[in-house]
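Trainee: just the structure for this:
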Amino acid sequence: MSFGWSVGDIIAGLGLLTKFGKALREADGAKSEFQDVTETLASLEITLSFLKEQCELDEKAREAEGQMHGFAPSARTAVLQTQVEMIKKPVSRFLDEIEKYDKHLGVSSSKKFFSGIHRKSKWAFIIADKVRKLQADIATPLSTIGLLQQQITIDTIEQLRKNISTDLCDALAKSLALNDTTSTTRAPLQPAFLVPYTSNPLFVGRKSILASLKDCFGGQEKVQARAALWGLGGSGKTHIAIAVAYLLKDEHPDTSIFWVHAGSVDRFRQSYLEIAQWYQIPGIEELSRDDLLNAVNSWLLKKDSGRWFMIIDNADEGNIFFGGANADITLARYIPDCEHGATLTTTRDKQVAVKITKGRHFFEVPRMDSSESQELISKALAGVAGSEQINKLADLLDNLPLALSQAAAFIQENDLEVEEYLELYTEGDAALVELLSQPFESQGRDSGVPNAVTATWMISFDYIRNHIPRAADMMSMMAYLDRQGIPSTFLKSPSESTITFKATVGRLRSFSLISGAGENYEMHRLVQLVIRKWLETHSISNKYSALALKAVSDAFPVLEFANRVTCSQYLAHAQSVLRYKPSVLEERLDQAHLLHLTAVYLCSLGNFKRSESLARQAVEIYEALLGDLHVKTLNTSHTLAKILQAQIRTVEAKELHIKTLDRRQRVLGAEHPDTLASMASLAETYRDQGELSHARLLLTKVNEIQNRNIGTDDASTISSLCELANIYSLEGELGRAEELLQQARHLIEPVRGAAHPDTLNILYDLANLYTAKKQLNMASQIHQNVLEERIIMLGEGDPLTISSLQRLGELSIARNRLPEAVEYLTKASTLRSAILGEDNLDTLQSLLDLCFVYWSLENLEKEDEVGAKIVQILKNIQTKKGELVISPLGRF
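Mentor: The predicted structure is shown next:
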């Protein structure tokens, strides 16, 4: 019999193993950190010693061939040959890898070697990692070789009984009995432990899931206990299963424990073959695939097989378990169902978990909590300190175990500090995806499953793409939206039934790729980034970024009061899809449409810089694709002029309004509603420049045409009426101004209601008019009512609500109610600073008024505090070459 190793090779290997085992036992912390490693090395030494003896016997047998008639290897020798072939390559590779460290283990060189390493035990950790990886590769064949070693010895004794004295035979049997706990009958007396992984020293937490599993497997029901763990790839399902296996081994040593790889039919069969070899089921080598699976299933169903526990790992493809397209087998039928056995399945697919447990005990494996993440990283980095940095890392990686382990491996392999690793992420999403794509060695991971987070998840993406194409489309489009609050409006196609849509969303939820229920969904941040990378890999990213852009562009509403909440909900998605620059004509038009709508909404929030930027982009696209005179180009130009006007950039606004008005007159006619809107806006710029007579004449003309063409109660007619009233007020004709405002109020209240924002705007202007007429009590009462309604209707942070606070502060000063003024102005300045920015002109005005009030109250400390803020703002403005940001003041 030849194993492919010479006796000399085995002796050299034994020498290395002995030397490294001794070095690990002498390393700091060996008793706790490296006990499993030293045990593995010791076991491997025993196995190689046995193989050495077999080689020597083999050589002697060949030399004495023909002399030892009747001494022939048993059938188990052929099985041994197969198992040795399985460990030969990984053991040889391991011995080659550690041989380079041999020169450092001498007495004279060890001190010098260790002094140059960052951590005292770094060498030990390097070797330990290699041993643990080797253990994962050879655990099952190594266990089988141990069993066969005992059985071959028994066969040898039986053969020798025919040729040597009884006394010697009895002595050999007695020697074997002192070391052997295995029966010579077909089924071994000792329970099987066919788990290809060592106990994971980095396993932490998961107490609630372990408790749930204990309850499941500890019940008194007269049915088989079946449980399943499901969740996102990398969430730690396999590591929990390993922990359960070792807990069960310690607490119930009489129970056989099997590990079945379920990533493919072939790997499932290989696992069953190992079970069959353990039980020595007759004729297994000659059985077909289905017959082998059926034979093992039948064997485990027998009570004399003993109590057993089976872990079915990575059962991610439901079609090979329960049938489906292109499936020629259903593995679920070969999972034994009996009272003396139990199963634990791990899967990424909730649907598999539900079916395989018959809808009873299936548990989602969530992300770790912050304390578990911190403990995992600390253990992986050998107790590295700095909890604040570790917490940042855990938050960045969303407490996902595989991502945390991958980060720890990268830090160790590149000799980085945690802070240095965190700095790599400042380069953006591309850097994060690159780091998540780094391969690394991980204890307890199936060698057939990639370790890198990106590769792990891409397996799920590929499965969904091949088996659930509609879900793949939906998932791919969601990758380009904001990850939170994704409305079903963006996802459901018009021709899709609600049942079909819900089922598709359910499949994505079952793979833990999205969460949420009802009408809004959320996608895991890291998953979203990796999906984009996956789409780029398949060269289809442009397709889905365009679909996401169109979905948001079609759904984003025109800004009206009734749509404000929807605009707010969709804003993050609009900003997300607008990061991608399409090249196809239709897609660019979708982009321009969304740019325009988003610019209008941002302007209403006082975010003028961003609003202006988006509006200019929209104008450029429309001019390039549709021309200067197209209606969409003219509408967007009008919006841009309004944004400039809101910032009191009256010269630029006036120039653009005149240009737009001229083009609208030529294209649409002098009395078209859009043309009249341009005329009214131009009149407002005249007002801002102090050209009140020009403004009044233009607005009068607009209002007359509107009354004639669209009626007095139309919103645009009422708006121009209010603007005309403001012109009269500025000209000192307060009676005429009040008359027009009251007329506008009586026209709008029956249509819109007393609390509608348009009605409140008229009341706001009316209160300002009463202030000008020195009717301060009436003005204050109206402003107070408007403030209360605006808080309810618009929210406290809306620019219009803040303007009401400012007016009440100013009125309190005029009425010599200075404590009230402090309250209103403090709130107004704080909100304006937070929402509009410190360099906003209205923020500066609120602070100036507040400083004046503190001066009037002789509160010098507060006066100095606010004054310092004002000085700093003025310095910032000077640094920015006098650029100021102006809020809407209720005029947009």
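Trainee: next, the closest residue to Gln645 other than its chain neighbours: phi, psi?
Mentor: Of all residues not flanking Gln645 in the chain, Ala653 sits nearest, at 3.9 Å (C-beta to C-beta, 6 or more residues apart in numbering). Heads up, the C-betas are built off the backbone N, CA and C, glycines and all. Backbone geometry at Ala653, expressed as degrees, to the nearest 10, gives phi -60, psi -40.
Trainee: Ala653 and Arg666, how far apart?
Mentor: 21 Å (C-beta to C-beta, to the nearest Å).
Trainee: tell me the pLDDT at Leu210?
Mentor: Reading off the confidence values, Leu210 has pLDDT 81.
Trainee: now Ser442
Mentor: We have a pLDDT of 51 for Ser442.
Trainee: next: Glu85.
Mentor: Model confidence at Glu85, given as pLDDT, is 70.
Trainee: quickly find the element holding it.
Mentor: Taking DSSP states H and E as the criterion, Glu85 maps to helix 76-99.
Trainee: gap between the residue nearest to Gln645 and Asp662?
Mentor: Between Ala653 and Asp662 the distance is 15 Å, computed by C-beta to C-beta.
Trainee: more neighbours, the two?
Mentor: For Ala653 versus Asp662, neighbours defined as other C-beta atoms under 10 Å are more numerous around Ala653 (24 against 12).
Trainee: surely that one touches Ala683?
Mentor: No. Ala653 is not in contact with Ala683 according to C-beta atoms under 8 Å; the separation is 11.8 Å.
Trainee: in a strand, Val260, correct?
Mentor: Yes. With DSSP: H, G, I helix; E, B strand; the rest coil as the criterion, Val260 is part of a strand.
Trainee: ok, for it, nearest residue in space, not its chain neighbours?
Mentor: Nearest residue to Val260, sequence neighbours excluded (C-beta to C-beta, 6+ apart): Ser271, at 4.1 Å.
Trainee: so what's Ser437 up against?
Mentor: Contact partners of Ser437, counting by C-beta atoms under 8 Å, 6 or more residues apart in numbering, are Ala452, Val453, Thr454, Ala455, Lys533.
Trainee: next one: phi and psi at it?
Mentor: Per-residue torsions, Ser437: phi -90, psi 0 (degrees, to the nearest 10).
Trainee: and it, how far from Gln528?
Mentor: Taking C-beta to C-beta, one finds Ser437 at 15 Å from Gln528.
Trainee: ok, Tyr580 next?
Mentor: Noted for Tyr580: a distance of 14 Å to Gln528, by C-beta to C-beta.
Trainee: what do you get for Gly837?
Mentor: According to C-beta to C-beta, Gly837 and Gln528 sit 30 Å apart.
Trainee: for these two, work out which one has more neighbours and name it.
Mentor: Taking other C-beta under 10 Å, Gly837 and Gln528 do not tie; Gln528 has more neighbours (21 against 18).
Trainee: that one and Leu491: what is the separation?
Mentor: 14 Å.
Trainee: do Pro201 as well
Mentor: In terms of C-beta to C-beta, Pro201 sits 44 Å off from Leu491.
Trainee: which of those two has more neighbours?
Mentor: Using other C-beta under 10 Å, the more surrounded residue of Pro201 and Leu491 is Leu491, with 23 against 17.
Trainee: and the closest residue to Ile284 other than its chain neighbours, which of the three is it?
Mentor: Computed as C-beta to C-beta, 6+ apart, the closest residue to Ile284 that is not its neighbour in sequence is Ala276, at 4.4 Å. Following three-state DSSP, Ala276 is assigned to helix.
Trainee: ok, Ala276 touching Leu293?
Mentor: No. Using C-beta under 8 Å, Ala276 is not in contact with Leu293; the gap is 9.6 Å.
Trainee: quick one: contacts for the closest residue in space to Thr347 that isn't next to it in sequence?
Mentor: Counting by C-beta to C-beta, 6+ apart, Ala315 is the residue found nearest to Thr347 once chain neighbours are left out, at 4.5 Å. Going by C-beta under 8 Å, 6+ apart, Ala315 touches Ala262, Phe321, Thr345, Thr346, Thr347, Val352, Ile356.
Trainee: and for Tyr279, the neighbour number?
Mentor: By the criterion of other C-beta under 10 Å, Tyr279 has 20 neighbours.
Trainee: show the subsequent helix or strand relative to the worst-scoring helix or strand of the chain on mean pLDDT.
Mentor: Of all helical and strand segments in the chain, the minimum by mean pLDDT, DSSP states H and E falls on helix 166-179, at a mean of 34. The C-terminal neighbour of helix 166-179 among helices and strands, as given by DSSP H and E, is strand 193-194.
Trainee: pairing partners for that next one, with directions?
Mentor: According to DSSP bridges, strand 193-194 forms sheet pairs with strand 256-261 (parallel).
Trainee: can you list contacts of the strand it pairs with?
Mentor: 140, 191-197, 245, 248-249, 267-268, 270-272, 275, 305-314, 446, 448.
Trainee: go on, stretch 743-756?
Mentor: Residues outside stretch 743-756 that contact it (C-beta under 8 Å, 6+ apart): 561, 712-713, 715, 718, 721-722, 725, 758-759, 762-763, 766, 789, 792-793.
Trainee: now, of those, which are buried?
Mentor: Buried subset of the contacts of stretch 743-756 (neighbour count, 16 or more other C-beta atoms under 10 Å): Ile718, Leu721, Cys722, Ala725, Asp758, Thr759, Ile762, Leu763, Leu766, Glu789, Met793.
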